[in-house]
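> next comes the sequence, and after it the predicted model I'd like to discuss.
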Amino acid sequence: MKRFLALTALLMCTAAWWAANELNSSLQVPENGRVIIIEPGTSMIALAAELGAAQVLRSPRLWQWYARITGKAEAIRAGEYELTAEMTSLTFLDRLIEGRVKYYGLTILEGWTTADLLLALRRNPYVAQTLPGDIPVWSLLSDLGTRLDLPYPHGEGLFYPDTYLFSRGTTDVALLQQAAAVQLRELTDAWARRAPDPLLETPYDLLILASIIERETAVDAERDQIAGVFMRRLQRRMRLQTDPTVIYGLGAEYNGNLTRVHLNTDTPYNTYTRRGLPPTPISLPARASLHAAGLPAAGKALFFVAVGDGSGLHRFSETLSEHNQAVAAYLKQLRLQ
């Protein structure tokens, strides 16, 4: 009897050692990893069989049995998972229970338009499309804010430029709402920090001005100077005369070449033909432009033009005569390139 008990104990210890060794063995995946998708409703039996057939697990039945007796089999979460050679069967199971799915990044660039963002969402193979896909993106803008339950009906300017992580199957609407929540927080903060000015009556006015600043310069040190120029022009009832608004008004018709005909053709966004701010933002501004719009730099400059040397800098002028000289210098610089 003692021999039998000793043999039984030895067998149990051996089995326990084998099971522990198998469960702590590395997954059988390539060096660059492997991605699997677990659909909602997938059972542990079906998952273990799939991973066994793919030779990812050394002992799929043991893995399944362990998950069942520990109560983890019912806790696995659906999603897309990235497997690496460093993972063991047990760490992989923990990842399934924690729902640590594979994430993708959506980068919204500063100065993009909402149309650019909508196109990026449409082209992203990991985003679930729920917005109408059979109409041009420009046609979605007029009521996009309303569709997303945002405080402003028009969709331009309402989404903060940043990189957003999401899992496969996240909807376009969910990503837009996430970016909008960030933008509205940033706008609220910029409005609270602003130097009050009757020319900017609402946070939306600030958002419009910030969107123009965003399109005019990528140099942070210049943003408040450009804001100052625009505010002084508004105070004097001068037209803003800013090309980016004209380009925005052309929409899909703009082919990269802004002509004098465009500048003379009246649209709601043509700040050469109309005074004041355009009716909506024209781009997606980030924090620096939002704060610059609320805190414009003091000064006397009423004009600015690009230096043209590739630095992105501008020359600021107080008079039209000075500005014309700066424009001539800019054109000369272009001819030298």
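Received the coordinates, thanks.
> for stretch 101-118, buried residues please.
101-102, 106, 108, 110-115, 117-118 (16 or more other CB atoms under 10 Å). No exception for glycine: its C-beta is placed from N, CA and C like everyone else's.
> CA atoms of stretch 148-157 as CSV?
Extracted in CSV, the C-alpha atoms of stretch 148-157 (Å, rounded to 0.1, in the frame of the first residue of the first chain):
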residue,chain,number,x,y,z
LEU,A,148,-23.0,64.0,-32.8
ASP,A,149,-25.1,65.9,-30.2
LEU,A,150,-22.5,68.7,-30.0
PRO,A,151,-23.4,72.3,-29.1
TYR,A,152,-22.6,73.6,-32.6
PRO,A,153,-24.4,72.3,-35.6
HIS,A,154,-21.6,72.7,-38.2
GLY,A,155,-18.9,70.1,-38.0
GLU,A,156,-15.8,72.2,-38.8
GLY,A,157,-13.3,73.0,-36.1
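> for the record, mean pLDDT for it?
Per-residue pLDDT over stretch 148-157 has a mean of 94.
> re the thing from before, would you reformat the buried residues of stretch 101-118 as TSV and include pLDDT and distance to Gly276?
Converted to TSV, those look like this (pLDDT from 0 to 100; distance: CB to CB, whole Å):
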residue	pLDDT	distance to Gly276
Val101	92	48
Lys102	92	48
Leu106	96	34
Ile108	97	28
Glu110	96	25
Gly111	95	22
Trp112	96	24
Thr113	96	21
Thr114	96	22
Ala115	94	23
Leu117	96	26
Leu118	96	27
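> list just the nearest of the residues you listed to Arg61.
Lowest distance from Arg61 to the buried residues of stretch 101-118 (CB to CB) belongs to Val101, with 25.4 Å.
> what about stretch 124-136, start to end distance?
16 Å (CA to CA, to the nearest Å).
> for it, which positions count as buried?
124, 127, 131.
> now do stretch 260-276
The neighbour-count check on stretch 260-276 (16+ other CB under 10 Å) flags 262, 267, 269-274 as buried.
> so which of those residues are in helices?
Applying DSSP state H to those, the entries found in helices are His262.
> tabulate the buried residues of stretch 260-276 in JSON lines, adding columns for distance to Phe230.
Formatted as JSON lines, the buried residues of stretch 260-276 follow (distance: CB to CB, whole Å):
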{"residue": "His262", "distance to Phe230": "20"}
{"residue": "Thr267", "distance to Phe230": "19"}
{"residue": "Tyr269", "distance to Phe230": "15"}
{"residue": "Asn270", "distance to Phe230": "16"}
{"residue": "Thr271", "distance to Phe230": "10"}
{"residue": "Tyr272", "distance to Phe230": "14"}
{"residue": "Thr273", "distance to Phe230": "17"}
{"residue": "Arg274", "distance to Phe230": "14"}
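> CSV please, covering the buried residues of stretch 260-276 and showing pLDDT and distance to Arg232.
As requested, the buried residues of stretch 260-276 are exported to CSV (pLDDT from 0 to 100; distance: CB to CB, whole Å):
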residue, pLDDT, distance to Arg232
His262, 93, 25
Thr267, 94, 24
Tyr269, 97, 21
Asn270, 97, 20
Thr271, 97, 15
Tyr272, 96, 17
Thr273, 97, 20
Arg274, 96, 18
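> which one of the buried residues of stretch 260-276 sits closest to Val29?
Tyr269 (53.2 Å).
> farthest-separated two in the buried residues of stretch 260-276?
Across the buried residues of stretch 260-276, no pair lies farther apart than His262 and Arg274, at 14.0 Å, counting by CB to CB.
> where does this structure dip in pLDDT?
For the chain, the stretches with pLDDT under 70 are 1-24, 337.
> tell me which stretches of it form strands.
34-38, 79-83, 103-107, 163-167, 303-306, 314-317 (DSSP state E).
> let me have those strands in JSON lines, extended by distance to Tyr66.
Shown next, in JSON lines, are these (distance: least, CB to CB, whole Å):
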{"stretch": "strand 34-38", "distance to Tyr66": "18"}
{"stretch": "strand 79-83", "distance to Tyr66": "18"}
{"stretch": "strand 103-107", "distance to Tyr66": "28"}
{"stretch": "strand 163-167", "distance to Tyr66": "26"}
{"stretch": "strand 303-306", "distance to Tyr66": "66"}
{"stretch": "strand 314-317", "distance to Tyr66": "66"}
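> and the ones you listed: which comes nearest Gln325?
strand 314-317 (7.8 Å).
> for that closest one, packing partners?
helix 220-235, strand 303-306, helix 320-336 (3 or more CB pairs under 8 Å, 6 or more residues apart in numbering; DSSP states H and E).
> what strands line up against it, and which way round?
strand 303-306 (antiparallel) (DSSP bridges).
> what separates the partner strand from the chain centre, distance-wise?
30 Å (CA atoms, centre = their mean, to the nearest Å).
> contacts for it, please.
For strand 303-306, contacts defined as CB atoms under 8 Å, 6 or more residues apart in numbering pick out 225-226, 229, 312-320, 322-323, 326-327, 330.
> ok, stretch 267-276 next?
234, 237-242, 245-246, 248-250, 263-266, 278-279, 282.
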